[in-house]
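>>> Take this sequence and fold it.
(one chain, ligands or ions: 2)
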Amino acid sequence: MEGVDHLAHERNKAQFDVAVMKAVWAGSRDAYELFHRFSRLVANDPEMFIPAIKAQATEEQQKQWLPLANKMKIIGSYTQTELGHGSNVRGLETTATFDPKTDEFVLNSPTLTATKWWPGGLGKIATHALAHARLIIDDKDYGVHGFLVQLRSLDDHLTLPGITIGDIGMKYGSGAYNTMDNGSLIFDHVRIPRNQMLMRLSQVTREGKYVPSNVPRQLSYGTMVYVRQKIVFDASIALSRAVCISTRYSAVRRQFGSHNGSPETQVIDYKTQQARLFPLLASAYAIRFVSEWLNSFYKDLLQRLEAKDFSTLPEAHACTAGLKSITTSVAADGIEECRKLCGGHGYLTSSGLPELSAVYIPACTYEGDNVVMLLQVARYLMKTISQLKSGNKPVGTTAYLGRAEQLMQYHSDVLRAEDWLKPNVVVEAFEARAARMSMACAQNLSKFNNPEDGFQELSADLVEAATAHCQLIIVSKFIEKLQQDIPGKGVKEQLGVLRSIYALFLLHKHIGDFLSTDCITPKQGYLANEQLRSLYSQVRPNAIALVDAFNYTDHFLSSVLGRYDGNVYPKLYEEAWKDPLNDTSIPDGFHEYVQPMLKQPLHHGRL
Ligand SMILES: CCCCCCC/C=C/C(=O)SCCNC(=O)CCNC(=O)[C@H](O)C(C)(C)COP(=O)(O)OP(=O)(O)OC[C@H]1O[C@@H](n2cnc3c(N)ncnc32)[C@H](O)[C@@H]1OP(=O)(O)O
Ligand SMILES: Cc1cc2nc3c(=O)[nH]c(=O)nc-3n(C[C@H](O)[C@H](O)[C@H](O)COP(=O)(O)OP(=O)(O)OC[C@H]3O[C@@H](n4cnc5c(N)ncnc54)[C@H](O)[C@@H]3O)c2cc1C
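Ligands and ions are numbered 1, 2, ... in the order given. As a prediction, the model looks like this:
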């Protein structure tokens, strides 16, 4: 019935202050930004063009271009990926050749695979590209640099001479990412003034002299680092959205279990449903908190870079790359699991889940393929370990590797299931697992004469070690979050339950790592799973309140299954009748194609 809260009985069970939890979840961001960020994920996104100008353009160039971009007088596309190269940025083929006679760069696509391919906004709407191309001076290749290129007339929006642009076509399913005009672009000897090479990091003089960057060349990758840390925040939005829908629906849905006319069992009360759903609920909170930490770490990096302090740049790259990889994989897989948790109705468009999945899953690829990103983390871990011998003391997220020898001797002293509720017990186990996996890789790498060959041969193990390292970061940041002052009745306790669920779920899922590295015994692994089951019972009465704390409107969720009032069945039926197919009783084509078959005479009793 309209106006009735079918989930009121669930909300009355809450054992904590939901208003405070809402504030904890929102953190430093208000609900508008949460909504705006996700909706912008599929809109045309200046998310990269403007940051890239800020990162790579001189002050003078910023003064010229930023006001135009900020006021949408020009619409930019971050045009890096090509048909033949995306992950391997140093393999990009587009060229920008300096012509000293005219003080210009000539941009050209020398091969088909040099065609720019994928950049958002490029297909139909962008007027300018921040094009990444190989800088060529006097036939010498100075590598990939950024160039500002006008693509279309600001009068009639037609493409300019030498520019061939198109949209790359439909993408995965009918998902909202098809509202994004990812495009293709071929340059045919297009000339731009020299001052349209972004010259904050390195320059080309009027005489054609290349002035190399006096800062790490990787700063030219800065926009990707910036977006990767934002993507971690977006992962928490996407996953929490799916978890909200599937948790509410799991409390509404009843199936089996009726005795003597009693109501059937709420599917949220099945232990299998809890074992699938509650780790995702905990993961949404875990990702939110690690995204807060990563954002502050990134802001600290920016301040240091301003002071020419590059000391945390390698760690920032490893953390943004690794956490982008891990959190987008968890969110993408989690959204699909949430669809399955809703049974058949989860497959309806009106559930909101197919659309959410279709628009979210490319996050595992864009801004760095997730495996390629974990290999970057692995490179950083191996380098950190190789420097231990020279007395280099790791700090920050790799500090535990400074205690590698001690961690190699670690054995968990868990005796009872409840010992796994102690944060220090959990962190030690995760540190030992991560350290031993990385040290084992380093040990195996040392057997190879050519380190690069070894890295390739061991890359699958290295990805697992990088994963263990990143999961340790997320667990640690969840624990650190709860060391802060958090007011409100029962709020910290509930977050403690979620923190333990997150950690023990990972331990259970990756039990092979913990056993094969001899960090814990099978019995201790069994006790962790025992404790997990008990934790699910503790979170059960608070589940609806914990997803209410995301503070998402029905409009934002756009899901009949995830409605705040739980009034699912009437709305499912109502929504179905909005489908144009139901405008008529007899479907188009029936009389032409189906009816003749039905009318066909039987021959000797057979059609
Ligand atoms: C918020 C929602 C918005 C949604 C946006 C959706 C739109 C999507 C946009 C895009 O997808 S834009 C295109 C994104 N493309 C990529 O992410 C490409 C991924 N590839 C790379 O980043 C690089 O090619 C690479 C994989 C990092 C390799 O780079 P390179 O070959 O130059 O370096 P290596 O030889 O591997 O390493 C050398 C050295 O440099 C360090 N390093 C690498 N990258 C960085 C970095 N970004 N910052 C700092 N340092 C970096 C690396 O660790 C090595 O260090 P050492 O080992 O030498 O110490
Ligand atoms: C929706 C969407 C939007 C995008 N928007 C933009 C944009 O606005 N601007 C832009 O410039 N680009 C954009 N891209 C492109 C995107 O950045 C690239 O697709 C992404 O970086 C992955 O690169 P790739 O396609 O070359 O994958 P590949 O690297 O070709 O990946 C293919 C497989 O090879 C594996 N692989 C590759 N290298 C290695 C290695 N060294 N070791 C082990 N395995 C490896 C990968 O793990 C993967 O399994 C977008 C892509 C998508 C899907």
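
>>> Now Ala404. Nearest residue, chain neighbours left out?
Excluding the flanking residues, the one nearest Ala404 by Cβ to Cβ, 6 or more residues apart in numbering is Ala435, at 4.9 Å. In this view, the C-beta of every residue, glycine as well, is placed from N, C-alpha and C.

>>> what's the burial count for that neighbour?
29 (other Cβ atoms under 10 Å).

>>> Does it touch Met408 like I think?
Yes. Assessed by Cβ atoms under 8 Å, Ala435 is found in contact with Met408 at 7.1 Å.

>>> coming back round to it: can you give me phi and psi for the residue nearest to Ala404?
phi -60, psi -50 (degrees, to the nearest 10).

>>> and if you look at Pro161?
Per degrees, to the nearest 10, the backbone of Pro161 is at phi -60, psi 140.

>>> Not counting sequence-adjacent ones, nearest residue to Ser351?
Leu561 (4.7 Å).

>>> and the residue nearest to Ala404, what is it in contact with?
For Ala435, the contacting residues are Tyr400, Leu401, Arg403, Ala404, Leu407, Met408, by Cβ atoms under 8 Å, 6 or more residues apart in numbering.

>>> Would you confirm that the fourth one belongs to a strand?
It refers to Ala404. No. Ala404 is assigned helix when assessed by DSSP: H, G, I helix; E, B strand; the rest coil, not a strand.

>>> what about it, distance to Tyr410?
Here the criterion is Cβ to Cβ, to the nearest Å. By it, Ala404 lies 10 Å from Tyr410.

>>> Need the nearest residue in space to the closest residue to ligand 2 within the chain, chain neighbours excluded.
Distances between the chain and ligand 2 by Cβ to the nearest ligand atom are smallest at Gly86, namely 2.6 Å. Here the nearest residue to Gly86 in space, its sequence neighbours aside, is Trp118; by Cβ to Cβ, 6+ apart that works out to 6.9 Å.

>>> Thr517 now?
Nearest non-adjacent residue to Thr517, counting by Cβ to Cβ, 6+ apart: Arg436, 3.9 Å away.

>>> Could you double-check that that neighbour lies in contact with Ile520?
No. Applying Cβ under 8 Å as the test, Arg436 and Ile520 come out as separate, 11.5 Å apart.

>>> show me where pLDDT drops low in the chain?
Scanning the chain for pLDDT under 70 picks out the ranges 1, 28-46, 175, 604-607.

>>> Looking at the record's assignment, how would you partition it?
Using automatic domain parsing, the domain ranges for the chain come out as 74-215, 222-546.

>>> Please identify the most buried of those domains.
domain 222-546 (a mean of 20; mean count of other Cβ atoms under 10 Å).

>>> touching ligand 2 at all, it?
Yes. Judged by Cβ under 6 Å from any ligand atom, domain 222-546 comes into contact with ligand 2 through Pro362, Thr365, Tyr366, Gly368, Asp369, Val371, Val372, Leu375, Ser459.

>>> same deal with stretch 138-155?
No. Against ligand 2, stretch 138-155 shows no contacts by Cβ under 6 Å from any ligand atom, the least distance being 11.4 Å.

>>> how far is that stretch from where the chain is centred?
Offset of stretch 138-155 from its chain centre (Cα atoms, centre = their mean, to the nearest Å): 30 Å.

>>> ok, and does that stretch reach over to ligand 1?
No. Residues of stretch 138-155 are not located near ligand 1 by Cβ under 6 Å from any ligand atom, the shortest gap being 8.4 Å.

>>> which residues in the stretch 51-200 of the chain form strands?
76-79, 95-99, 104-108, 116-117, 128-137, 140-150, 163-167, 183-187, 190-193 (DSSP state E, counting those that start in this stretch).

>>> Now do the shared contacts for Ala435 and Met408.
With Cβ under 8 Å, 6+ apart as the test, Ala435 and Met408 reach no residue in common.

>>> just checking, what packs against the helix ranked longest in the chain?
As assigned by DSSP state H, the longest helix anywhere in the chain is helix 271-306. Contact partners of helix 271-306 among helices and strands, from 3 or more Cβ pairs under 8 Å, 6 or more residues apart in numbering; DSSP states H and E: helix 222-252, helix 313-341, helix 459-481, helix 491-509, helix 522-539, helix 543-548.

>>> what angle do it and helix 222-252 make?
Helix 271-306 runs at 160 degrees relative to helix 222-252, counting by axes from the mean of the first three to the mean of the last three Cα atoms, to 10 degrees.

>>> Next, the angle from helix 271-306 to helix 491-509.
Interaxial angle, helix 271-306 versus helix 491-509 (the same axes, to 10 degrees): 100 degrees.

>>> is helix 271-306 up against ligand 1 anywhere?
No. If you take Cβ under 6 Å from any ligand atom as the test, helix 271-306 misses ligand 1, and the best it gets is 9.8 Å.

>>> Spell out which parts of this structure neighbour ligand 1.
41, 45, 47-48, 78, 80-81, 86-90, 120, 218, 221, 224-225, 227, 230-231, 234, 313-314, 317, 366-368, 372, 376, 379-380, 383.

>>> Next up, the contacts around the residue lying closest to Gly352 once chain neighbours are set aside.
Leaving aside its sequence neighbours, Gly352 sits nearest to Ser559 (Cβ to Cβ, 6+ apart; 3.1 Å). Counting by Cβ under 8 Å, 6+ apart, Ser559 touches Ile245, Ser350, Ser351, Gly352, Leu353.

>>> Now for those: which two are most distant?
Ile245 and Ser350 (11.0 Å; Cβ to Cβ).

>>> Give the residues shared as contacts by these two.
Shared contacts of Ile245 and Ser350, defined by Cβ under 8 Å, 6+ apart, comprise Ser559, Leu561.

>>> Make sure Tyr536 is actually in contact with Ser500.
No. The criterion here is Cβ under 8 Å, and Tyr536 misses it with Ser500 at 10.7 Å.

>>> Hmm, Asp181 is touching Gly123, no?
Yes. Asp181 is within contact range of Gly123, at 3.4 Å (criterion: Cβ under 8 Å).

>>> Now the common contact residues for those two.
Joint contacts of Asp181 and Gly123 (Cβ under 8 Å, 6+ apart) are Asp167.

>>> Geometric centre of the protein: which residue is closest?
In the chain, the centroid-proximal residue (Cα atoms, centre = their mean) is Thr328; its distance is 3.2 Å.

>>> That residue - nearest residue in space that isn't next to it in sequence?
Nearest residue to Thr328 in three dimensions, chain neighbours excluded: Ala363, at 4.2 Å (Cβ to Cβ, 6+ apart).

>>> where exactly do the helices run in the stretch 301-450 of the chain?
Per DSSP state H, counting those that start in this stretch, the stretch 301-450 of the chain carries helices over the ranges 313-341, 353-360, 370-386, 404-408, 423-445.

>>> Adding distance to His128, write these out as JSON lines.
Shown next, in JSON lines, are the helices of the stretch 301-450 of the chain (distance: least, Cβ to Cβ, whole Å):
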{"stretch": "helix 313-341", "distance to His128": "26"}
{"stretch": "helix 353-360", "distance to His128": "26"}
{"stretch": "helix 370-386", "distance to His128": "28"}
{"stretch": "helix 404-408", "distance to His128": "49"}
{"stretch": "helix 423-445", "distance to His128": "44"}
